[in-house]
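Undergrad: with the input below, show me the fold.
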Amino acid sequence: MSQEKVEGGRRKAEGSRNGVSTPSIDPILSIPKPIEPIPPSPLPLPPSNPRPQSPAPSPFLSYLAQLWYSVLWGPCYAISQVLFRYRFSGKSHVPLTGPVLLVANHQSNLDPVLIGIACPRQLKYLARVGLFFWPFSWWIRALGATPIDRESAISGIKATLRLLKGGNAVVLFPEGSRTPDGLMYPLLPGFCVLARRSGATVVPVAIDGAFAALPRGAALPRPARITLAFAPKITRDDYAQLSDAQLTELVTQRLRDAGCKMGCEIKSSD
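TA: Numbering: from 1, shown residues only. Below is the predicted model:
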């Protein structure tokens, strides 16, 4: 009797004693079959534009805003004539359509309103969040103000680009703050980036006399003669080959030239 038969008989005997029959194992069937991989379930693809888009203003609301802007223009113009004998020139340099960046020297808080009175189209401009308190916020929003946090330069850049890419005319004061002494200080070149990214036409705006009417720190305006001049525009093709330093110098020079036409009263600090 072979050794395999002896071992098989021993296993059967042990199984019988325990009351369990031990089946014979086929060595081929005892090899485990390979587990077939489960195909991964398809995952949903992210949307092509996950960032929510702000809805465009309705034509009716845009019409109301433009109408209210026109209504406020009349009283502002009348007050400027009585208090400041306000005179302006060169508004033909401002394009009536498309993005426009109006770059002005900053003499007082009257500057945005003065530019708005003289400009042939509705303007948008940025104002610090602290100015948006009732009822003053209602008034400056009606004049086209957009609130920004002055501590965050990124928020101001994004807000300005959004307005320009929407085809608006935006007022910017690249000196950074109001003049403390009536002189024009060096322009910061940040407006060059805004112009290049939006393709906006740059229009220099020279203001004189607003510092005497409402200097920094004054609570109420005083009677003074104010003049404003729009300098010749600088189109996208004009500044395409210029560096930021060259474009800044060109705008500065046109502000000085416009000041000379008003009486050589726009003086630089340097």
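
Undergrad: how many other residues sit next to the nearest residue to M184 once chain neighbours are set aside?
TA: In this structure, M184 finds its nearest non-sequential neighbour in N105, 4.5 Å apart by C-beta to C-beta, 6 or more residues apart in numbering. From N, CA and C alone the C-beta is placed, and that goes for glycine too. Other residues near N105 number 28, with proximity taken as other C-beta atoms under 10 Å.

Undergrad: and A245, by the same measure?
TA: Around A245 there are 10 residues (other C-beta under 10 Å).

Undergrad: distance of the residue lying closest to it once chain neighbours are set aside from R236?
TA: Distances taken as C-beta to C-beta, 6+ apart put P189 closest to A245, at 6.9 Å, once the chain neighbours are dropped. With distances taken as C-beta to C-beta, to the nearest Å, P189 is found 17 Å from R236.

Undergrad: list the contacts for the residue nearest to A245?
TA: P174, D244, A245, L247, T248 (C-beta atoms under 8 Å, 6 or more residues apart in numbering).

Undergrad: I'd say the fourth one and I234 touch.
TA: Yes. If you go by C-beta atoms under 8 Å, L247 and I234 touch, sitting 7.4 Å apart.

Undergrad: which neighbours do the two share?
TA: What both L247 and I234 touch, as defined by C-beta under 8 Å, 6+ apart, is the set V202.

Undergrad: which residues are in contact with the residue nearest to M184?
TA: By C-beta under 8 Å, 6+ apart, the contact set of N105 is F173, E175, T179, M184, V205, A206, I207, L255, I266.

Undergrad: closest to W68 among those?
TA: V205 (23.5 Å; C-beta to C-beta).
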